[in-house]
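Visitor: A structural model of the following input is requested.
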Amino acid sequence: MDSEDPNDEVQYHLELAPGDIDGPVLLPGDPDRVPVVAEQWDRAEEVAHHREYRTMRGHRAGSPVACTSTGIGSPSAAIAAEELANVGAETLIRVGSCGAIQPEAEVGDLVITTGAVRQEGASAEYVREDYPASAHGEVVTALVTAAERLDYDYHLGVTCSTDSFYAGQGRPGHGGFEAAGAEERTAELQEAGVLNYEMEAAALLTLASLYGLRAGAVCTVFANRVTGEFRTEGESRAAEVASEAAVVLDHMDHVKQEAGADHWHAGLSLDR
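Guide: Got it, this is the predicted structure:
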């Protein structure tokens, strides 16, 4: 009989056990995006597929990497983070799409998250609401390095994570319904320089910080709310950048180990 005990080896939702994955875990929402991500690797195999959680593992340029879909939203992403941590994952990278709320973030560009506004409810069940949802510096560095290597346009800054694709992001709902204050909330975020809306990063960053894991996020801009553009352009760019970032992180970890350093810093060279 299946067990909900988080200490069991085989995880209740992901159906993964220790040893099933290695390296950074890339986290798209859609299970169908997992093989799209894995196309960026040299080899890949499926490990598990249960509900919205689909997992593949493989290598890129000799470095281990894995990918697990989280479904839509922070509650299911938090389940994935919990169970991935239980089986030994140490680095989590959200890979997805987003809606930009600044004019300079054009459709097809990437947004690399440095921190997230916690406009979702899952993380609040873990820790007080003024606890920061911050991306790990090493993951941010690896994502920027990957984007530069691949020559993709990217923007670095703060993301807003919401629980609702419609009301929470200021979109009209059924019949033109508009949530009270939604337009004002978006304007306030724009004034504060927040770059984009999405639905999972804040919970993942919060849980990773609480559990001593590394986490970050990279999303392709599918819509710009200022210019009104919407195109599913450059879907594979976030996947490629995250996959290359896994290689960079593997290299960074080896350099740290050789130098006897606990943390990556500017005095260490990736050319070693």
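Visitor: what sits against residue 227?
Guide: Residues near residue 227 by Cβ atoms under 8 Å, 6 or more residues apart in numbering: 103, 106. Heads up, the C-betas are built off the backbone N, CA and C, glycines and all.
Visitor: meant to ask about residue 36
Guide: Remark: with contacts taken as Cβ under 8 Å, 6+ apart, residue 36 is in contact with 28, 235, 236, 239.
Visitor: swap the cut-off to 10 Å and go again
Guide: When contacts are counted by Cβ atoms under 10 Å, 6 or more residues apart in numbering, residue 36 touches 28, 30, 67, 95, 235, 236, 239.
Visitor: I'd guess residue 254 is in a helix, am I close?
Guide: Yes. Counting by DSSP: H, G, I helix; E, B strand; the rest coil, residue 254 is located in a helix.
Visitor: Kindly tell me how buried it is, as a neighbour count.
Guide: 13 (other Cβ atoms under 10 Å).
Visitor: go on, residue 175?
Guide: The local packing of residue 175 (other Cβ under 10 Å) involves 5 other residues.
Visitor: Look up how far residue 241 lies from the nearest residue to residue 61 once chain neighbours are set aside.
Guide: Leaving out its chain neighbours, the residue that sits closest to residue 61 by Cβ to Cβ, 6 or more residues apart in numbering is residue 247, at 4.9 Å. According to Cβ to Cβ, to the nearest Å, residue 247 stands 11 Å off from residue 241.
Visitor: Identify the contacts common to these two.
Guide: 142, 145, 146, 149.
Visitor: Tell me the pLDDT of the spatially closest residue to the second one that is not a sequence neighbour.
Guide: On the basis of Cβ to Cβ, 6+ apart, the spatially nearest residue to residue 145 that is not a chain neighbour turns out to be residue 248, at 5.0 Å. As predicted, residue 248 sits at a pLDDT of 98.
Visitor: Which of the three states applies to residue 248?
Guide: What three-state DSSP gives for residue 248 is helix.
Visitor: For it, which residues are in contact?
Guide: 24, 61, 63, 138-139, 141-146, 149, 241, 270.
Visitor: Go through those and name the one nearest residue 174.
Guide: Residue 174 lies nearest to residue 241 out of those, by Cβ to Cβ, at 35.5 Å.
Visitor: Is it correct that the closest one falls within a helix?
Guide: Yes. Per three-state DSSP, residue 241 lies within a helix segment.
Visitor: Look up how far residue 180 lies from the residue nearest to residue 145.
Guide: Going from residue 248 to residue 180 by Cβ to Cβ gives 44 Å.
Visitor: Kindly report the same for residue 239.
Guide: From residue 239 to residue 180 the distance is 37 Å (Cβ to Cβ).
Visitor: The two: who's more crowded?
Guide: Taking neighbours as other Cβ under 10 Å, residue 239 and residue 180 compare with residue 239 leading, 24 against 8.
Visitor: So the more buried one sits against residue 56, correct?
Guide: No. Contact status for residue 239 versus residue 56: not in contact, 11.8 Å apart, counting by Cβ atoms under 10 Å.
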